[in-house]
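[1] Need the 3D shape of this:
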Amino acid sequence: TFNHNSGKNTEPYYLKKFVEIHGNQLVTIEPVGAAGVPKTIVDKAVLKKKELVKAARKTGDPLDKSFEVWAVFDCDEHPYIPESFEKAKGNNLKVAYSNPCFELWLYLHKSDQSAAIHRKALGKQLQQIVPSYDPDRAKTLCPSIFTNDEYEKAKQRAQQLKTSHDRVGAGMACPYTDVYELLEVIIANGK
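    Okay, the predicted model is just below:
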């Protein structure tokens, strides 16, 4: 089981559809809601993990013990980002993180983005190359609008950003996303 917590429309919708497309019935997506700042997301993910551990102890089934809990959140001008990462790490949670926002992952399907960018500017750029995305409305995009080649290109671009940041000691500076790590786990455990 995987747990996704998020405070936006974009991430839960995209991830739910991604799970459906890849036939993975072992994945559970649980949005936190509008107050889903990273600290709250991680706090709720910690509680979810405790529930799953408790349930696994009761059943004694080894399969119930093989789960991962993921917290999915953006930098998006939120406070407590370092503390959220520290708490996630201390509770053996996995994190899928985007800076400035999840829309970077979507944008990378179509184009490179190596310079720092504000989330609003990124939303406008995404709308220019994916007209069905509306940054002023629901902000929902189905992963099926992207081809497998575009998915692989986005993953490659995200990995290149990570490598470039690591090379200069920039960590997860803008632009950055490692959402593909969660998506690869979903794919590997799907159909």
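
[2] which is the next helix or strand following the helix or strand of the chain with the lowest mean pLDDT?
    Ranking every helix and strand in the chain by mean pLDDT, DSSP states H and E puts strand 3-4 at the bottom, with a mean of 44. Once the chain leaves strand 3-4, the next helix or strand it forms, by DSSP states H and E, is helix 10-21.

[3] got any ranges where the protein has weak pLDDT?
    Filtered on pLDDT under 70, the chain yields the residue ranges 1-8, 33-36, 62-64, 138, 191.

[4] please redo it, this time with the cut-off set to 80
    Across the chain, residues meeting the criterion (pLDDT under 80) sit at 1-9, 24-26, 31-36, 60-66, 137-139, 190-191.

[5] where do the helices sit along it?
    Applying DSSP state H to the chain gives helices spanning 10-21, 38-59, 62-65, 81-90, 103-107, 119-129, 148-168, 179-188.

[6] winner for burial among those helices?
    For the helices of the chain, the stretch with the most neighbours on average is helix 103-107, a mean of 26; neighbours defined as mean count of other C-beta atoms under 10 Å. C-beta: built from backbone N, CA, C; applies to glycine.

[7] Report all helices and strands that it contacts.
    Counting by 3 or more C-beta pairs under 8 Å, 6 or more residues apart in numbering; DSSP states H and E, the packing neighbours recorded for helix 103-107 are helix 10-21, helix 119-129, helix 148-168, strand 176-177.

[8] closest one to Lys139 among these?
    The closest approach between Lys139 and any of these, judged by C-beta to C-beta, belongs to helix 10-21 at 4.6 Å.

[9] picking that back up, including distance to Pro135, could the helices of the chain go into CSV?
    Output for those, formatted as CSV (distance: least, C-beta to C-beta, whole Å):
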stretch, distance to Pro135
helix 10-21, 10
helix 38-59, 21
helix 62-65, 41
helix 81-90, 22
helix 103-107, 8
helix 119-129, 3
helix 148-168, 19
helix 179-188, 18
